[in-house]
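> sequence unknown, structure follows:
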């Protein structure tokens, strides 16, 4: 066994089997979530959005787009970080993940600030 094959074996040996199991369960759930809950909003039909979200469609789309980037890049980024493979890609995906989270949060905040009392009496957390 040469040195590079030995290093590869040691790297894979470090990966937790529990981590692999959880990641393999999370990926199909992520795909299902995206297909069931987000794809319908790719339509520009007011009936799809309903009376609540149609006037706020830009905030909703920002929330969906940013969160989708985060939820898709998250498992890949975790895998690359855990296996110590392609660390440059790991860092790049980490940046994309953080930008996605930021955009998703901005879209969510916009939605919450425009819903008034429809969402209940919940105040923004930072104003509590």
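Right, received. Where do you want to start? Just so it is clear, the model here is predicted, and its values are computed rather than measured. Residues are numbered from 1 along each chain as shown.

> quick one: the helices in the chain?
Ranges of helices within the chain are 3-14, 17-33, 46-53, 57-83, 87-114, based on DSSP state H.

> which of these sits most buried?
Most buried of the helices of the chain, by mean neighbour count (mean count of other C-beta atoms under 10 Å): helix 57-83, with a mean of 18. All C-beta atoms are positioned from the backbone trio N, CA, C, and that covers glycine.

> for the residue most central in space within the chain, give its distance to residue 26.
Closest to where the C-alpha atoms of the chain average out (C-alpha atoms, centre = their mean) is residue 71, at 1.9 Å. Counting by C-beta to C-beta, to the nearest Å, the gap from residue 71 to residue 26 is 9 Å.

> now residue 37
Remark: distance between residue 37 and residue 26 (C-beta to C-beta) = 16 Å.

> same question, residue 115
As defined by C-beta to C-beta, residue 115 lies at a distance of 30 Å from residue 26.

> repeat that for residue 105.
Counting by C-beta to C-beta - residue 105 and residue 26 are separated by 21 Å.

> go on, residue 69?
Residue 69 is 16 Å from residue 26, by C-beta to C-beta.

> swap in residue 57?
From residue 57 across to residue 26, the span is 29 Å (C-beta to C-beta).

> same check, this time on residue 60
Going from residue 60 to residue 26 by C-beta to C-beta gives 24 Å.

> same question for residue 44.
Counting by C-beta to C-beta, the gap from residue 44 to residue 26 is 31 Å.

> how close does residue 56 get to residue 115?
Taking C-beta to C-beta as the measure, residue 56 falls 8 Å from residue 115.

> looking at these two, which is more packed in?
residue 56 (18 against 15; other C-beta atoms under 10 Å).

> quick one: residues contacting the nearest residue to the more buried one once chain neighbours are set aside.
In this structure, residue 56 finds its nearest non-sequential neighbour in residue 114, 5.1 Å apart by C-beta to C-beta, 6 or more residues apart in numbering. Going by C-beta atoms under 8 Å, 6 or more residues apart in numbering, residue 114 touches 55-56, 59.
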